[in-house]
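Peer 1: A predicted structure for the sequence below; I have some questions about it.
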Amino acid sequence: MPAPITVVIPTLNAAAELPGSLGALMEGLAEGLIREVVISDGGSSDATLQLAAEAGAELVSGTASRGGQLRRGCAAARGEWLLVLHADTQLAPGWAAVVAAHLQAGQGEPGQPAYFQLKFRAKGPWPTLVAGWANVRARVFGLPYGDQGLLISRAAYVSAGEYPDQPLMEDVALVRRLTGLTALPVIALTSAARYQREGWLRRGAGNLWTLLRYFLGADPDKLARGYQK
């Protein structure tokens with residue numbers, strides 16, 4: 001029987017972070033969980049494509065757009081389950097055993113979508129506070145962001161309408177249509193570079209404002225332009 005999981009990673013000039021993300025997946029290969037890794041690239045000009053090829057990943061290329069890249073990557077997947085990760089997110093050691101148990105219905109009903117617990121690769125009160133809020137938001141409001149990862153069966157993904165082809169809030173658009181979303185006791189270590197560059201309070205407040213505007217009907221393309229500034 002083929003391994004059940006296809007890992008899908010969207011990339012755009014992610015050479016600095018991709019090796020860490022791929023390296024953390026090795027225990028999943030050892031456990032027989034990962035069938036393939038699909039890198040959905042948006043036009044990288046650095047060594048991202050070379051790194052993906054050296055890792056034996058399948059490459060899908062297209063226009064840079066997080067939602068569009070994820071949609072294309074998931075469409076190319078052959079696994080019964082999708083594990084969607086950002087290129088700067090690394091699953092902590094021990095994740096494979098937890099995921100294997102979840103797939104065997106050890107933590108809920110078969111086919112139940114799940115996400116991981118966010119933690120930044122940075123120390124101090126601000127990283128702890130912001131990650132803590134993200135985990136509360138995910139648990140209480142059912143809104144994990146993409147940097148927390150998403151484990152979802154292909155059937156549930158298709159039933160939810162798949163990722164929309166939009167540059168921002170594609171993760172929110174999808175998870176809002178999911179039922180039975182659950183948190184797995186696995187840490188997803190993600191980069192704090194954007195927060196460190198822009199300031200934890202400023203970036204955190206900006207993220208909340210962007211989410212609110214999205215809920216109020218703002219155009220994701222316009223939101224994305226503001227988000228990149």
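Peer 2: All right, it came through fine.

Peer 1: drop to CA atoms for contacts and neighbour counts, all remaining ones
Peer 2: Will do.

Peer 1: if we look at the strand or helix carrying residue 71, which residues are touching it?
Peer 2: Assigned by DSSP states H and E, residue 71 belongs to helix 66-76. Identification of contacts with helix 66-76 by Cα atoms under 8 Å, 6 or more residues apart in numbering yields 8-10, 38-42, 60-63, 82, 162-168, 170-171.

Peer 1: next SSE after it?
Peer 2: The C-terminal neighbour of helix 66-76 among helices and strands, as given by DSSP H and E, is strand 81-84.

Peer 1: I'd like to know how many residues surround the nearest residue to residue 13 once chain neighbours are set aside.
Peer 2: Spatial nearest neighbour of residue 13, excluding adjacent residues (Cα to Cα, 6 or more residues apart in numbering): residue 44 at 4.6 Å. Neighbour count for residue 44, taken as other Cα atoms under 10 Å: 15.

Peer 1: Three-state assignment for residue 44, please.
Peer 2: Following DSSP: H, G, I helix; E, B strand; the rest coil, residue 44 is assigned to coil.

Peer 1: quick check: it touching residue 50?
Peer 2: No: judged on Cα atoms under 8 Å, residue 44 makes no contact with residue 50 at a distance of 10.2 Å.

Peer 1: wait, doesn't residue 146 sit right on residue 87?
Peer 2: No: contact criterion Cα under 8 Å: residue 146 and residue 87 do not qualify, at 10.4 Å.

Peer 1: higher neighbour count, the two?
Peer 2: Neighbour count, other Cα under 10 Å: between residue 146 and residue 87, residue 87 has more, with 25 against 19.

Peer 1: can you report how many residues lie near the nearest residue to the more buried one once chain neighbours are set aside?
Peer 2: Closest residue in space to residue 87, ignoring its immediate chain neighbours: residue 18 at 5.1 Å, by Cα to Cα, 6+ apart. Neighbourhood size, residue 18 [other Cα under 10 Å]: 22.

Peer 1: what of residue 151?
Peer 2: By the measure other Cα under 10 Å, the count of residues near residue 151 is 27.

Peer 1: and if you look at residue 124?
Peer 2: Counted with other Cα under 10 Å, residues neighbouring residue 124 total 8.

Peer 1: separation between it and residue 198?
Peer 2: When Cα to Cα, to the nearest Å is the yardstick, residue 124 and residue 198 sit 16 Å from each other.

Peer 1: need the helices for the protein, in chain order.
Peer 2: 18-24, 26-30, 48-54, 66-76, 95-103, 125-141, 154-159, 170-175, 193-198, 200-215, 220-227 (DSSP state H).

Peer 1: what comes up buried for the fifth one?
Peer 2: So that's helix 95-103. 95-96, 99-100, 102-103 (16 or more other Cα atoms under 10 Å).

Peer 1: helix 200-215 and the helix or strand of the chain with the lowest mean pLDDT, what's the angle between them?
Peer 2: None of the helices or strands of the chain scores lower by mean pLDDT, DSSP states H and E than helix 220-227, at a mean of 85. Orientation check (axes from the mean of the first three to the mean of the last three Cα atoms, to 10 degrees): helix 220-227 against helix 200-215 gives 170 degrees.
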